[in-house]
Structure formats: structure tokens, C-alpha cells
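Chemist: Predicted model, plus sequence, below.
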Amino acid sequence: MLPRHNSDRGDFEEGSLEEGAGAAEGGGGCRRREISLVALFEVHHTKRHGFIAAHTTLLLREYGAAYWEAATKLVEVGVQEGYDAYPVAFLYRHALETVIKSILVESAPIHGTSDEAVFNRGHDLAKQLQDLHLVFDKFSVLEIDGYRFDELKTVVGEWGAYDPDSFAFRYFVKKDGQTPSSSQMSSQSQEGKFRFNLMRFAETMDSALDYLFNAKKRIDKERFGGFE
């Protein structure tokens, strides 16, 4: 049974979803039907639906690309102010994290760090930079079209200062329910100073992600020939 909102009391009570007005048990009108939450991710062949492939480490790149595309679409529709900007920031951050991990996981024979070790570093992107630099240096992609690895390092450094654990744009506190998810953002918010220009932020992140995806393509091409 689905909870039904009681507009007079402002809360929910048990009920069922009715198809159309005047639904009744038998007789005229639309029949009542119960919807199970199991159907939330059920594939309906007659409707448009997303496709989730098997979970493997090779899909990290696709995850990154999907989060990046979602972020850019939100920017395009004009999300700019207040907390509406937080999902955009999170999507960009997760795109950055997944593509970096994608490169490292697929280049494990180069830097010698296991997949498990890469993931055990958690969300701290700075911990991935040494291995990433080693891979980029080997494949001569420390600079692509004027964008340098040092610029990426600066971007990662800013994320380390404001959102080292990938919590700041999802929750205002950490798992203990008390510690601010970002001490930097918390202190600036209390002073009324935490602000960022979303459009400029997006441009900076787009440049960093474009560099990473281009680097991955070049690495894949050198390692696997025509495969990208």
C-alpha cells in the first residue's frame, strides 16, 4: 500500500493509488491498483527506460561520462543559485572521481597499484595523483591542447580543501550527525561568505574533465591500437 498524503494534517496515511477519479471496487470507473516499489527499477518494454549494464570496473568511464553529461545539462537549463547548485557540484565531482579511478584501474600494470588499493583510497582525489602522474608521464599526456596536469592538480587541490570526502554537496554533516561535512564551507557560511560562480565553476570542471577523457583516449589508443 502506498502512503496517501493528508493535505489537512500535512502527513501521510496508508492508502492505495487510484487510477482516475471515481475509482471503485468493481462497477464503473477505473479500478484501484496497488503498486509495489519493486517495480521502481523494473524494465517496461513498452516504455522508454534506462539501461544498466553489468557492473565491472571497465564501466567506470561510462559512469563518469554520464555524471558529466547530467551536470552539463543542469547548467544548460539555468541552475545557478542557492542549494540548486549543490547537485550540479556533486555530479561534477563524481564525474571527476570516476574517470580518474577508471584510468588508474585500467592502467594498473603501469603504476603497480591494485584495483582494491585504488578504491580503498576512498573519495580523497589527492591520494590518486601520484599514480595518475606516473601513467600520464609514461604516455606523454601531461599536457594536451594547452591544458597541463598541474592545472588538474590545482582543481583536485580545491576539492580537497572544500570537499575531501565527497560529502559537502550531499549532506551538511558527516555520518556522526554533528561534524560539518566541510569545515571550510561551514566556517565561510557562518560568516556569510561561502559563494561560488556556478558558470565559472562549470567551465573549470569541463576543462579538467575534457583533459582527462582525452588523455584516456590517447592512452587506450597507444595501449590497444585502434580501440578507444
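Modeler: Now that the structure is in, tell me what you want to look at. The shown structure was predicted, so the numbers you read here are calculated from the model rather than taken from an experiment.
Chemist: any idea which helix is longest in the protein?
Modeler: Counting by DSSP state H, the longest helix found in the chain is helix 198-224.
Chemist: how about that helix: buried residues?
Modeler: Buried residues in helix 198-224, defined by neighbour count with 16 or more other CB atoms under 10 Å: 198, 201-202, 204-209, 211-213, 215-216, 218-220. (C-beta placed from N, C-alpha, C; glycine too.)
Chemist: got it, and stretch 116-130?
Modeler: By neighbour count on 16+ other CB under 10 Å, the buried set for stretch 116-130 is 118, 125, 127-129.
Chemist: Tyr92: which of those is nearest?
Modeler: Using CB to CB, the shortest approach to Tyr92 within those belongs to Leu125, at 12.2 Å.
Chemist: Return the residues in contact with the closest residue to that closest one other than its chain neighbours.
Modeler: Leaving aside its sequence neighbours, Leu125 sits nearest to Val156 (CB to CB, 6 or more residues apart in numbering; 4.6 Å). By CB atoms under 8 Å, 6 or more residues apart in numbering, the contact set of Val156 is 96, 125-126, 129.
Chemist: again, 7 Å this time
Modeler: By CB atoms under 7 Å, 6 or more residues apart in numbering, the residues touching Val156 are 125-126, 129.
Chemist: In a markdown table: those residues, plus secondary structure, pLDDT and distance to Ala161.
Modeler: As requested, the contacts of Val156 are exported to a markdown table (DSSP: H, G, I helix; E, B strand; the rest coil; pLDDT from 0 to 100; distance: CB to CB, whole Å):
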| residue | secondary structure | pLDDT | distance to Ala161 |
| --- | --- | --- | --- |
| Leu125 | helix | 95 | 11 |
| Ala126 | helix | 95 | 10 |
| Leu129 | helix | 97 | 14 |
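Chemist: so which of those residues comes closest to Thr113?
Modeler: Distance from Thr113 was checked for each of the contacts of Val156 by CB to CB. The minimum falls on Leu129, at 12.1 Å.
Chemist: pretty sure the closest one is in contact with Lys153, am I right?
Modeler: Yes - with contacts defined as CB atoms under 7 Å, Leu129 counts as touching Lys153 at a distance of 6.1 Å.
Chemist: Flag the shaky bits of this structure, pLDDT-wise.
Modeler: Across the chain, residues meeting the criterion (pLDDT under 70) sit at 1-58, 80-81, 172-173, 178-194, 226-228.
Chemist: which stretches of it form helices?
Modeler: Using DSSP H, the helices of the chain run over residues 60-76, 85-106, 108-111, 115-120, 129-138, 149-162, 183-190, 198-224.
Chemist: Can you pull the domain assignment for the protein?
Modeler: When the chain is parsed into structural domains using automatic domain parsing, the resulting residue ranges are 2-41, 57-224.
Chemist: for the longest helix of the chain, packing partners?
Modeler: Helices and strands in packing contact with helix 198-224 are listed as helix 60-76, helix 85-106, strand 143-144, helix 149-162; criterion 3 or more CB pairs under 7 Å, 6 or more residues apart in numbering; DSSP states H and E.
Chemist: Partner strands of the third one and their direction?
Modeler: The partner list of strand 143-144 in its sheet, established with DSSP bridges, is strand 147-148 (antiparallel).
Chemist: export the helices of the chain to CSV and tack on distance to Tyr171?
Modeler: Output for the helices of the chain, formatted as CSV (distance: least, CB to CB, whole Å):
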stretch, distance to Tyr171
helix 60-76, 18
helix 85-106, 10
helix 108-111, 32
helix 115-120, 21
helix 129-138, 26
helix 149-162, 14
helix 183-190, 12
helix 198-224, 20
